[in-house]
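1. here's a sequence, model it:
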Amino acid sequence: MKHAILERLLKDRAAKHAVVLVTELQSGAQALVYPQEVFGDLALDGDALLRIRQNLEADESGTVELGSKRLFLHVQNPPLRLVIIGAVHIAQALAPMAALAGYSTTIIDPRRAFATDARFPDVKLIGEWPDEAMATIRSTAAPPS
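-> Numbers count the residues shown, from 1 in each chain. Below is the predicted model of the structure:
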């Protein structure tokens, strides 16, 4: 893997951007395919890009044959988000289960007696009223592709 592709892929993963690492199996040439752009030294036509972006949207990695090219698609999607309203006893059980399933979990509750780091270790806590917090979450969400 070329250094430029690795650096960009690591930055994209840290920023939670959706991207597909495409590797041509015969030559080893690679590209990063995003919903709106392509980065790398692998030439891809419109049909290939359409198929790759479909895999990105479906969150499906795997090998595909497109024309004379055999490509491996490694989809890198950010984790799904789970927002729990209310830092109650059920949320205490649900948050760790969601983390095990790979979700990025956020708990919203303005009651600081319930929404504490001791009760919810390693979970993002928002101490606002749900309507205010959800407006903030929606405004910071990634735009749809």
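2. quick one: the strands in the chain, in order.
-> Ranges of strands in the chain, per DSSP state E, are 19-24, 30-33, 38-40, 62-66, 69-76, 81-85, 104-108, 124-126.
3. look up how far residue 112 lies from the nearest residue to residue 114 once chain neighbours are set aside.
-> For residue 114, ignoring the flanking residues on the chain, the nearest one in space by C-beta to C-beta, 6 or more residues apart in numbering is residue 87 at 3.9 Å. From N, CA and C alone the C-beta is placed, and that goes for glycine too. Using C-beta to C-beta, to the nearest Å, residue 87 is found at 9 Å from residue 112.
4. low pLDDT regions in the chain?
-> Confidence mapping of the chain against pLDDT under 70 gives the ranges 139-145.
5. can we see that at 90?
-> Scanning the chain for pLDDT under 90 picks out 1-2, 14-16, 35-36, 40-48, 66-69, 78-80, 102, 136-145.
6. show me where it has its helices.
-> 3-14, 46-58, 89-100, 130-140 (DSSP state H).
7. can you redo those helices as CSV with distance to residue 31 and mean neighbour count?
-> Below are those laid out as CSV (distance: least, C-beta to C-beta, whole Å; neighbours: other C-beta atoms under 10 Å):
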stretch, distance to residue 31, mean neighbour count
helix 3-14, 8, 13
helix 46-58, 9, 15
helix 89-100, 32, 14
helix 130-140, 29, 12
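8. if we can go back for a sec, and the gap between the residue nearest to residue 114 and residue 41?
-> 49 Å.
9. on that earlier part again, quick one: closest of the helices of the chain to residue 71.
-> Residue 71 lies closest to helix 46-58 among the helices of the chain, at 7.5 Å (C-beta to C-beta).
10. and the closest one, what does it pack onto?
-> For helix 46-58, the packing partners by 3 or more C-beta pairs under 8 Å, 6 or more residues apart in numbering; DSSP states H and E come out as strand 19-24, strand 30-33, strand 62-66, strand 69-76.
11. and the ones you listed as CSV, adding mean neighbour count?
-> Putting the helices and strands packed on helix 46-58 into CSV (neighbours: other C-beta atoms under 10 Å) gives the following:
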stretch, mean neighbour count
strand 19-24, 22
strand 30-33, 22
strand 62-66, 12
strand 69-76, 18
